[in-house]
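Asker: Output the structure for:
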Amino acid sequence: MTYARRALVASSAPSAREAEAALAEMGEWVAVEDADVIIALGGDGFMLQTLHAMLERRQPVVPVFGMNLGTVGFLMNEWRHHGLDDRLERAKSFKVTPLKMTATGVDGRVHTLPAINEVSLLRETRQTAKLEVTVNDRVVLPELACDGILAATPAGSTAYNLSAQGPILPLGSGMIALTPISPFRPRRWRGAILPDKARIGIRVLDAGKRPVSAVADQREIRDVAQVDICMDRARELTLLFDPEHALDDRITMEQFVA
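Answerer: Okay, here's the model as predicted:
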């Protein structure tokens, strides 16, 4: 596909700024709000920032082609100075559906945030968190004692979720991974794979004594009492990848990394 109006954004890392300067001389660029594609230079964290900017600032949602100038770069393509026109022409597009986190604080305030990788709940103190977990309004775990719990999308299943021993979900699987973080009770529960139509509710038990924070990707809400999680199908995002570097292949191959 041909993209005529391109925006260029870069992280604050010196390598990304140098790459931005090199690309800026190679063509005409438009402001993000006028673009039909965004070229993002940085790492996975900067890619998430770029995607969240479109979701949270109500910018037009357009495809993003990232080039890695960070560390892991799982959501990015390889950095190359030349050949951008051809790469965009040949790029494969992948739809990513974010989660919607609705977090109610102990003070009664309600915060609604998107999460592209995962929503995680984490204990704030040395005391174990105690959580009640519901799925579609049915109590499935009356009391989970743990350091926390997270719900991950397929795109985010190879990130924090994998580090917490959660499953890798193929892109397009239509699933959500619900993964405990250092669970203590019940001892044998190691998580669940849920259809992405499921509504997940997590109530903090004894929130005053055992405070818990909720994190949607990089945004944290402290001292929550209740967190509700569901897929937000109205806010679908598009990532572009080189055919030889496609996201679905990378997620699949992560299962064979020693």
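Asker: how near is Asp217 to Leu99?
Answerer: Asp217 sits 9 Å away from Leu99, going by CB to CB, to the nearest Å. For glycine as for every other residue, the C-beta is placed from the backbone atoms N, C-alpha and C.
Asker: For burial, what's the neighbour tally of the nearest residue to Asp44 once chain neighbours are set aside?
Answerer: Computed as CB to CB, 6 or more residues apart in numbering, the closest residue to Asp44 that is not its neighbour in sequence is Leu75, at 4.9 Å. Counted with other CB atoms under 10 Å, the neighbours of Leu75 add up to 30.
Asker: Am I right that Ile193 falls within a strand?
Answerer: Yes: under DSSP: H, G, I helix; E, B strand; the rest coil, Ile193 sits within a strand.
Asker: Give me the common contacts of Asp217 and Leu99.
Answerer: With contacts taken as CB atoms under 8 Å, 6 or more residues apart in numbering, the residues that reach both Asp217 and Leu99 are 114-116, 118.
Asker: For my notes, please list the residues you listed in CSV and give distance to Pro195, pLDDT and secondary structure for each entry.
Answerer: Formatted as CSV, the shared contacts of Asp217 and Leu99 follow (distance: CB to CB, whole Å; pLDDT from 0 to 100; DSSP: H, G, I helix; E, B strand; the rest coil):
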residue, distance to Pro195, pLDDT, secondary structure
Pro114, 20, 95, strand
Ala115, 18, 96, strand
Ile116, 19, 95, coil
Glu118, 17, 97, strand
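Asker: Longest helix in the chain, please.
Answerer: helix 44-56 (DSSP state H).
Asker: helices or strands next to it in the packing?
Answerer: Other helices and strands packing on helix 44-56, by 3 or more CB pairs under 8 Å, 6 or more residues apart in numbering; DSSP states H and E, are strand 37-42, strand 64-68, strand 110-115, strand 237-241.
Asker: In CSV, list those strands along with distance to Gly156 and mean neighbour count.
Answerer: Below are the helices and strands packed on helix 44-56 laid out as CSV (distance: least, CB to CB, whole Å; neighbours: other CB atoms under 10 Å):
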stretch, distance to Gly156, mean neighbour count
strand 37-42, 17, 25
strand 64-68, 15, 24
strand 110-115, 8, 18
strand 237-241, 12, 21
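Asker: which stretch among these comes nearest Lys130?
Answerer: Lys130 lies closest, by CB to CB, to one member of the helices and strands packed on helix 44-56: strand 110-115, at 21.6 Å.
Asker: How about residues contacting the closest one?
Answerer: Strand 110-115 has contacts (CB under 8 Å, 6+ apart) with 52, 55-56, 98-105, 153, 156, 216-217, 219, 221, 232, 235.
Asker: got it, and stretch 134-151?
Answerer: For stretch 134-151, the external contacting residues (CB under 8 Å, 6+ apart) are 99, 118-123, 128-133, 160-161, 164, 166, 176-186, 189, 192, 194, 198-203, 205, 212, 229.
Asker: ok, of the residues you listed, which come out buried?
Answerer: For the contacts of stretch 134-151, a neighbour count by 16 or more other CB atoms under 10 Å gives the buried set as 99, 118-123, 128-133, 160-161, 164, 166, 176-181, 183, 192, 194, 198, 200-203, 205, 212, 229.
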